[in-house]
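**Student:** here is the input, now give the coordinates:
(one chain, ligands or ions: 1)
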Amino acid sequence: MKNKPDSLFFNRQFCAEAQNGWDRSGLSVERFGMEVEMNTKSDQLYERACKRMPGGVNSPVRSFRSVGKTPFFVDKAAGAFLIDVDHNRYLDYVCSWGPGILGHAHPAIIEAVRRACEKGLTFGAPTEKEVELAELVNECVPSMEMMRLVSSGTEACMSAIRAARGFTGRDKIIKFEGCYHGHSDGLLVKAGSGLMTEAIPDSAGVPAGYAENTLLAGYNDPDSVSRLFDAYRDQIACVIVEPVAANMGVVPPAEGFLPFLREITEKNGALLIFDEVITGFRLSPGGAQEYYGVRPDLSTFGKIIGGGMPLAAYGGRKDVMSRIAPLGPVYQAGTLSGNPVAVTAGLETLRQLIAHPEIYEEIDRRAGKLEEAFRETGFTVNRVGSLLSCFFTKEPVTDYRSALRSDTKAFAAYFAAMLERGIYVAPSQFEALFVSAAHTDEMIERTCRAIREAV
Ligand code: KE4
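**Tutor:** Numbers count the residues shown, from 1 in each chain. This is a model prediction of the structure:
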């Protein structure tokens, strides 16, 4: 886009420095024109971190264990780049696991958050911005008639399920193998993301009682869902699904799968919950439910809705959400729910996306170029919009079982080879690659070359 409004360009000076360093590196093993340094400061920090935090990290997928490396520690980020504490620059396709659709440290968001901080960090009382965000989410996602802002996707999914159980008076839920909805007890059953990465089929510490109420179906396997409804018809409160699975790697819904879920839940008095924590505002401002034209009863959002700050949301049908305290008997609360600084980051992010719809066409087109580069390697690629995954298998990947056929050792070698070229993709075969508005055509071209070399 010619003459894009300046606000879309990122922290120019930093990006220029990072870009320049990245360009100088070429695609040799050398890192950004500097002699390849041992990650000395990162290694020292990692050693200290491991003494105080499990695996030295605050979330398992960050540990790089599954790819046999130790993590770099980030110093700062802007646009499409991360810079670690040893001054290594990385072109970032993790985008903080999804929130970074505009790129890091977008000046308009940083400025809005700075101004919000000066007014106080938290009040534990309602603010105008929360009303504005709830109204804007409803404008983008009409099924979100009423909602609650919370602090993480886990909290959003856990609360949505409680709302469904409270509304239907039923206990059982259906989730899909390989889908991940956060780490609340009842959802850590054959979940994706870090559990697949670390090969933890079911988390320890979850009482059998919880798992009993979580029924497992196969993603893209309607018969497995029908069998569960035949067996537990009026005990099933809801079906929760990632409308595009992205925690076993990206697995799109098969033609008719989402409409089937809409129909079978309606027929059996169960609620349909779309977990749009990744797809929300990623595929379009209307999320996957707009993209596929299926209206769920409840939805959850996270990541982009918070613009990188701890903010998520759950909501949907007014008659369901009217059962939430203080209106009804389903309790859900949070000290920092709707935090004014986080809401500011989210509001500004959504406003940027709505003001610049061309972003979606651009990131989809650029992701398509990465898909082509992966496809030329002969391995399987799944892509929906700006979300994609390359699987180290030649077979189609349409569900949990076929995703598990991927060669995770080959993935680890690919991950290391990309990192050596200054390109940071998710350190797990079972995560997605995210393209942001900060990834330019030139960066995409260089990444395509790196993919061909690395794979
Ligand atoms: P959080 O509690 O991590 O904010 O959200 C949980 C969640 C819920 N639903 C979906 C579809 C999700 O993808 C997630 C979290 N995603 C993972 C990575 N795929 C977060 C990264 C991590 O666990 O560190």
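**Student:** which of the three states applies to the nearest residue to Gln429 once chain neighbours are set aside?
**Tutor:** Using C-beta to C-beta, 6 or more residues apart in numbering and skipping residues adjacent in sequence, the residue nearest Gln429 is Phe411, 4.1 Å away. C-beta here means a position set from N, CA and C on the backbone, and glycine is covered the same way. At Phe411 the chain is in helix, as set by DSSP: H, G, I helix; E, B strand; the rest coil.
**Student:** thought Phe411 was touching Phe392?
**Tutor:** Yes. Between Phe411 and Phe392 there is a contact at 5.1 Å, judged by C-beta atoms under 8 Å.
**Student:** between the two, which one's more packed in?
**Tutor:** Regarding Phe411 and Phe392, a neighbour count based on other C-beta atoms under 10 Å identifies Phe411 as having more, with 23 against 19.
**Student:** distance of the more buried one relative to the ligand?
**Tutor:** 15 Å (C-beta to the nearest ligand atom, to the nearest Å).
**Student:** that residue and Thr393: what is the separation?
**Tutor:** Phe411 sits 10 Å away from Thr393, taking C-beta to C-beta, to the nearest Å as the criterion.
**Student:** and if you look at Asp75?
**Tutor:** 36 Å.
**Student:** name the residues contacting each of Phe411 and Phe392.
**Tutor:** Taking C-beta atoms under 8 Å, 6 or more residues apart in numbering as the contact rule, Phe411 and Phe392 both touch Gln429.
**Student:** ok, back up a step: more neighbours: Asp75 and Thr393, which one.
**Tutor:** Taking other C-beta under 10 Å, Asp75 and Thr393 do not tie; Thr393 has more neighbours (17 against 14).
**Student:** any common contacting residues for Phe411 and Thr393?
**Tutor:** By C-beta under 8 Å, 6+ apart, no residue touches both Phe411 and Thr393.
**Student:** can you classify the spatially closest residue to Arg421 that is not a sequence neighbour by secondary structure?
**Tutor:** Leaving aside its chain neighbours, Arg421 sits nearest to Ala450 (4.4 Å; criterion: C-beta to C-beta, 6+ apart). What three-state DSSP gives for Ala450 is helix.
**Student:** could you check the pLDDT of the closest residue to the ligand within the stretch 151-300 of the chain?
**Tutor:** Closest residue of the stretch 151-300 of the chain to the ligand, C-beta to the nearest ligand atom: Gly153 (2.3 Å). Among the per-residue scores, Gly153 shows a pLDDT of 98.
**Student:** flag every residue of this structure that's near the ligand.
**Tutor:** Neighbours of the ligand within the chain, by C-beta under 6 Å from any ligand atom: 59, 61, 97, 152-154, 157, 180-182, 193-194, 242, 247, 275, 277-278, 302, 431.
**Student:** on that earlier part again, thought the residue of the stretch 151-300 of the chain closest to the ligand was touching Gly182?
**Tutor:** Yes. When contacts are counted by C-beta under 8 Å, Gly153 is listed as touching Gly182 (5.1 Å).
**Student:** OK, contacts around Leu388?
**Tutor:** Val250, Ala367, Leu370, Glu371, Phe374, Val381, Asn382, Ala432, Leu433, Val435.
**Student:** how about a cut-off of 10 Å?
**Tutor:** 93, 246, 249-250, 367-368, 370-371, 374, 381-382, 432-435 (C-beta atoms under 10 Å, 6 or more residues apart in numbering).
**Student:** tell me the one among those nearest to Arg323.
**Tutor:** Proximity of the contacts of Leu388 to Arg323 (C-beta to C-beta) peaks at Ala246, which lies at 29.7 Å.
**Student:** let's see stretch 265-281 as CSV, backbone CA atoms only.
**Tutor:** Extracted as CSV, the C-alpha positions of stretch 265-281 are listed here (Å, rounded to 0.1, in the frame of the first residue of the first chain):
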residue,chain,number,x,y,z
THR,A,265,-25.8,-29.1,19.5
GLU,A,266,-29.0,-27.3,18.6
LYS,A,267,-30.9,-30.6,18.2
ASN,A,268,-29.7,-31.9,21.6
GLY,A,269,-30.1,-28.7,23.7
ALA,A,270,-26.4,-28.3,24.2
LEU,A,271,-24.5,-25.0,23.6
LEU,A,272,-21.8,-24.6,20.9
ILE,A,273,-18.7,-22.7,22.1
PHE,A,274,-16.2,-21.4,19.6
ASP,A,275,-12.8,-20.9,21.2
GLU,A,276,-11.6,-18.0,19.1
VAL,A,277,-8.6,-17.1,21.3
ILE,A,278,-6.4,-17.6,18.2
THR,A,279,-8.8,-17.0,15.3
GLY,A,280,-10.6,-14.0,16.8
PHE,A,281,-9.6,-10.8,15.0
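**Student:** how about the residue nearest to the spatial centre of the chain, nearest residue that isn't a chain neighbour?
**Tutor:** Relative to the mean C-alpha position of the chain, the nearest C-alpha, by C-alpha atoms, centre = their mean, is the one of Ile278, at 3.7 Å. With C-beta to C-beta, 6+ apart as the criterion, Ile278 has its nearest non-adjacent residue at 4.6 Å, and that residue is Ala246.
**Student:** same deal with Cys448?
**Tutor:** Ala373 (3.8 Å).
**Student:** how much space separates that neighbour from Val455?
**Tutor:** 9 Å.
**Student:** anything in contact with each of these two?
**Tutor:** Joint contacts of Ala373 and Val455 (C-beta under 10 Å, 6+ apart) are Cys390.
**Student:** sorry, back to before: for the ligand, see how far away the residue nearest to Arg421 is.
**Tutor:** In terms of C-beta to the nearest ligand atom, Ala450 sits 23 Å off from the ligand.
**Student:** who's in contact with that residue?
**Tutor:** Per C-beta under 10 Å, 6+ apart, neighbours of Ala450: Leu27, Leu91, Ala373, Ala417, Met418, Glu420, Arg421, Gly422, Ile423, Val425.
**Student:** same question for Ser224.
**Tutor:** Ile174, Phe176, Glu177, Leu215, Leu216, Ala217, Gly218, Asp399.
**Student:** just to be sure, the fourth one is in a strand?
**Tutor:** So that's Leu215. Yes. Assessed with three-state DSSP, Leu215 lies in a strand.
**Student:** circling back to that earlier point, which of the contacts of Ser224 ranks first by neighbour count?
**Tutor:** Of these, with other C-beta under 10 Å as the count, Phe176 tops at 28 neighbours.
**Student:** in strands, which of the contacts of Ala450 fall?
**Tutor:** If you go by DSSP state E, these have Leu91, Ile423 in strands.
**Student:** which parts of this protein are strands?
**Tutor:** Using DSSP E, strands in the chain cover 74-78, 81-84, 89-92, 146-150, 172-176, 214-217, 236-241, 271-275, 298-301, 312-316, 380-384, 387-391, 423-424, 433-434.
**Student:** what would those look like in TSV with mean pLDDT?
**Tutor:** TSV is the format used below for these (pLDDT from 0 to 100):
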stretch	mean pLDDT
strand 74-78	97
strand 81-84	96
strand 89-92	96
strand 146-150	98
strand 172-176	97
strand 214-217	96
strand 236-241	98
strand 271-275	99
strand 298-301	99
strand 312-316	99
strand 380-384	98
strand 387-391	98
strand 423-424	97
strand 433-434	98
